[in-house]
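*Asks:* Turn this into a structure:
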Amino acid sequence: MHHLALKNIGLATIFWLLAILPCALSSAVDSRPAIGFDLGQSYGTAVAHLPNGTIIKLAKVEGSLRYQAFLQSEIQKQQGSRWYPSRAEVQREELSRLLKQYTGLGGPYGAAILAEMLIPLRTASEAVLGAPLPATVVITAPYITAWRHEETEDSSFVERARKLAGLRPLTVDNMDPVYLGEANSVLAANGREICPDLRCKGPEWSDEILFRQDVVYFISFTNQSLYTSFQMATCFFHSPVGARLGNIDPDFGLNQQHQATDRASFWQRLQKHLISRVGEHAKIRDIYQQSYLVVVAGEAANTPEFLDAVRQTVTHIQNDPVHRVKETGTGPKVELLVSDDPTYAAAKGVAFWRRTMIDSSYCDDWFEAEEKYKSRQSFDREDRDEL
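*Replies:* The predicted model follows:
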């Protein structure tokens with residue numbers, strides 16, 4: 001125990017030194033670590049993004065069966081939900097929540113179930129860092145359209161869960177969501193759809209569009225389930241545009257292959273499922289489908305058979321007549337993005353989001369790079385004019 005205590009003290013000292021080193025370089029840097037929690041479909045992760053860019057993996061916690069079932073149920077609710085629920089629907093949901101909270105009838109309400117994941121993530125993170133977590137914890141989770149009316153409200157599932165888990169209150173900008181959708185967090189972790197112009201200049205001074213005309217097909221493969229969803233490619237710090245058809249299927253977790261009589265047939269069924277999901281999406285004719293970005297994450301994402309099934313799905317999208325672009329008669333452009341660190345990618349991305357919020361140096365560095373780019377362009381034009 002004595003050696004363990006000394007080890008924890010040593011780790012805490014190292015993390016503290018790593019966190020304050022950049023302060024000598026820029027007074028605009030917040031010395032606190034930016035903490036990202038991912039409430040994934042079957043497990044949760046936590047990372048710390050230090051001011052000097054160092055990423056520390058803090059925790060990975062397996063989700064209970066109740067936690068997994070809750071997320072599966074909440075995502076299914078979106079299938080029949082409208083863009084904005086009626087006042088009566090909101091009041092009915094709030095009344096149901098209060099009854100569950102204060103009477104205990106019908107089982108624990110949603111925020112309490114989410115808190116069951118947040119609490120061990122918090123305690124494990126504090127054990128590694130050697131101190132209570134600062135007010136820099138941000139959360140990512142599978143995007144649930146049934147929650148969209150409360151994304152920026154204190155009454156949201158996520159905000160109530162934060163309070164129950166003992167996390168310090170967090171202030172975000174008016175237009176920032178309470179939590180980031182996992183697809184956007186994974187994109188951010190892989191340096192995609194960052195939108196620095198829009199983030200740093202603001203929408204009134206930026207020509208950068210909010211979203212590109214690409215369909216993001218997000219696939220998260222874990223030991224327990226397969227999560228798939230579709231949305232438009234957008235700036236990572238915004239709520240998803242055109243998010244729909246989210247689904248968590250426990251029949252296609254990696255562990256299910258061990259229960260299959262024929263493992264080859266398991267992977268064939270998984271591939272058919274991935275292809276069928278794209279077929280469902282293709283039926284929505286108002287969706288732009290000239291290009292796809294297939295994004296892969298999750299603890300089991302590097303399984304060779306799974307990656308082969310994903311690549312076969314990409315080939316299907318390119319070749320199936322259903323997906324041909326009407327204007328050209330050709331197949332859509334499809335890009336495959338496999339996360340560098342699929343297990344922790346979502347937590348890394350949301351921690352990066354928090355880092356950009358608390359450090360003005362993020363925009364300082366971007367503005368400096370932009371000025372250098374403009375100077376080079378001006379210099380090149382002068383050279384051409386002389387010629």
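
*Asks:* all helices in the stretch 101-250 of the chain, in order from the N-terminus.
*Replies:* 110-129, 157-164, 182-189, 196-201 (DSSP state H, counting those that start in this stretch).

*Asks:* tell me, what residue is most central in this structure?
*Replies:* residue 182 (2.1 Å; Cα atoms, centre = their mean).

*Asks:* surely that one meets residue 36?
*Replies:* No - the criterion here is Cβ atoms under 8 Å, and residue 182 misses it with residue 36 at 11.5 Å. C-beta: built from backbone N, CA, C; applies to glycine.

*Asks:* list residues touching both of those two?
*Replies:* 140, 346 (Cβ atoms under 8 Å, 6 or more residues apart in numbering).

*Asks:* that older thread, tell me the confidence at the residue nearest to the centre of the chain?
*Replies:* For residue 182, the pLDDT comes out at 96.

*Asks:* In contact with it: list those residues for me.
*Replies:* Residue 182 touches 38, 40, 140-143, 218, 220, 227, 297, 346, counting by Cβ under 8 Å, 6+ apart.

*Asks:* Which one of those residues sits in the busiest neighbourhood?
*Replies:* Within these, neighbour counts (other Cβ atoms under 10 Å) peak at residue 346, which reaches 36 neighbours.

*Asks:* ok, that one touching residue 40?
*Replies:* Yes - counting by Cβ under 8 Å, residue 40 is a contact partner of residue 346 at 6.6 Å.

*Asks:* Buried ones in the helix or strand containing residue 313, by neighbour count?
*Replies:* Residue 313 belongs to helix 304-319 when assigned by DSSP states H and E. The neighbour-count check on helix 304-319 (16 or more other Cβ atoms under 10 Å) flags 305-306, 309-310, 313-314, 316-317 as buried.

*Asks:* Give me the distance between the residue nearest to the residue nearest to the centre of the chain when sequence neighbours are not counted and residue 140.
*Replies:* The shortest distance from residue 182 to any non-neighbouring residue, by Cβ to Cβ, 6 or more residues apart in numbering, is to residue 346 (4.8 Å). Distance of residue 346 to residue 140, computed by Cβ to Cβ, to the nearest Å: 5 Å.

*Asks:* Report the set of residues contacting both of the two.
*Replies:* With Cβ under 8 Å, 6+ apart, residue 346 and residue 140 have common neighbours 36, 38, 182, 185.

*Asks:* where's the last one relative to residue 42, distance?
*Replies:* For residue 185, the distance to residue 42 under the criterion Cβ to Cβ works out to 16 Å.

*Asks:* higher neighbour count, the two?
*Replies:* residue 185 (30 against 26).

*Asks:* Skipping its backbone neighbours, what lies nearest that one in space?
*Replies:* Closest to residue 185 by Cβ to Cβ, 6+ apart is residue 349, at 3.4 Å.

*Asks:* cool, and residue 121?
*Replies:* In space, residue 121 is closest to residue 46, 4.7 Å off (Cβ to Cβ, 6+ apart).
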